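Participant: Predicted model and sequence follow; I will ask about them next.
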Amino acid sequence: MPGPMLTFTIYKSINQKRGYLAGIYIILGHATIELIFIIVLLAGALLLFQNILILTIIGIVGGILLVVYGFLVIKNVFITNISIEFENSQHKGFKGNSFLGGIIVSVSNPYWEIWWIVTGLGFLISYNVSFANPLGLLLFFLGHELGDAVWYLPISTFAYFGGKSLNPKIFKYILFCLLYTSDA
């Protein structure tokens with residue numbers, strides 16, 4: 001699904017020395033925070049997320065972070081000279097590692113929390129996923145993360161190798177279009 005995680009995955013894949021590995025680390029970071037969030041939900045934090053003030057704060061802070069991130073990506077798309085020589089690139093964008101970025105992008109996306117509170121919790125309840133059913137919890141988590149991996153790992157690989165073979169002007173245009181559709 002298009003969104004901040006997709007944009008971040010493409011962004012890191014084209015701006016790292018071994019960008020084809022970015023997707024692995026981003027998904028591991030994303031999976032780490034999702035496991036923590038699932039445990040928190042199952043431990044009873046659902047009551048906290050029923051508070052409209054908490055949801056409003058999550059929405060405002062997450063929205064601000066998404067807008068700031070979007071502007072930084074747009075700025076870098078038009079200012080940074082995307083080079084075929086990734087080893088010699090003097091990229092000045094997000095310098096954090098992809099694992100940490102996977103966590104930050106997940107948590108800063110207000111739709112992520114809403115998805116887990118509404119849809120994810122619905123799955124947990126419907127399929128009797130709980131601490132009392134550890135096998136169900138493990139299978140649910142692995143199945144969910146496998147879906148993320150099947151989507152993001154090929155994208156990371158294609159962005160890295162495709163970015164090396166595309167005309168830089170066309171590549172910048174594609175990046176801009178992906179950013180534009182990332183909030184659709």
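Facilitator: On my side now, so go ahead. Numbering: from 1, shown residues only.
Participant: now the helices: where do they sit in this structure?
Facilitator: Defined through DSSP state H, the helices belonging to the chain, from first to last, are 4-14, 22-40, 46-49, 52-79, 98-108, 110-115, 121-126, 134-165, 168-181.
Participant: burial count for the nearest residue to Thr32 once chain neighbours are set aside?
Facilitator: Residue nearest to Thr32 in three dimensions, not counting chain neighbours: Ile103, with 6.4 Å by C-beta to C-beta, 6 or more residues apart in numbering. In short, each C-beta sits where N, CA and C put it, glycine included. Here the number of neighbours of Ile103 (other C-beta atoms under 10 Å) works out to 19.
Participant: Report the separation between Ile103 and Asn76.
Facilitator: Plainly put, Ile103 is 21 Å away from Asn76 if you go by C-beta to C-beta, to the nearest Å.
Participant: Leu55 now?
Facilitator: The span separating Leu55 from Asn76 equals 31 Å under the rule C-beta to C-beta.
Participant: List the residues that contact Leu137.
Facilitator: Contacts were defined as C-beta atoms under 8 Å, 6 or more residues apart in numbering; by that measure Leu137 touches Ile38, Leu42, Val129, Ser130, Phe131.
Participant: ok, now Ile33?
Facilitator: For Ile33, the contacting residues are Gly102, Ile103, Ser106, Val107, by C-beta under 8 Å, 6+ apart.
Participant: run the last query once more with 10 Å
Facilitator: Gly102, Ile103, Ile104, Val105, Ser106, Val107, Trp112 (C-beta atoms under 10 Å, 6 or more residues apart in numbering).
Participant: where's it relative to Ile52, distance?
Facilitator: Taken as C-beta to C-beta, the span from Ile33 to Ile52 is 23 Å.
Participant: that older thread, tabulate the contacts of Ile33 in JSON lines, adding columns for distance to Ala149.
Facilitator: As requested, the contacts of Ile33 are exported to JSON lines (distance: C-beta to C-beta, whole Å):
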{"residue": "Gly102", "distance to Ala149": "12"}
{"residue": "Ile103", "distance to Ala149": "16"}
{"residue": "Ile104", "distance to Ala149": "19"}
{"residue": "Val105", "distance to Ala149": "16"}
{"residue": "Ser106", "distance to Ala149": "14"}
{"residue": "Val107", "distance to Ala149": "19"}
{"residue": "Trp112", "distance to Ala149": "17"}
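Participant: Of these, which is the nearest to Lys17?
Facilitator: Lys17 has its nearest neighbour among the contacts of Ile33 in Gly102, at 18.1 Å by C-beta to C-beta.
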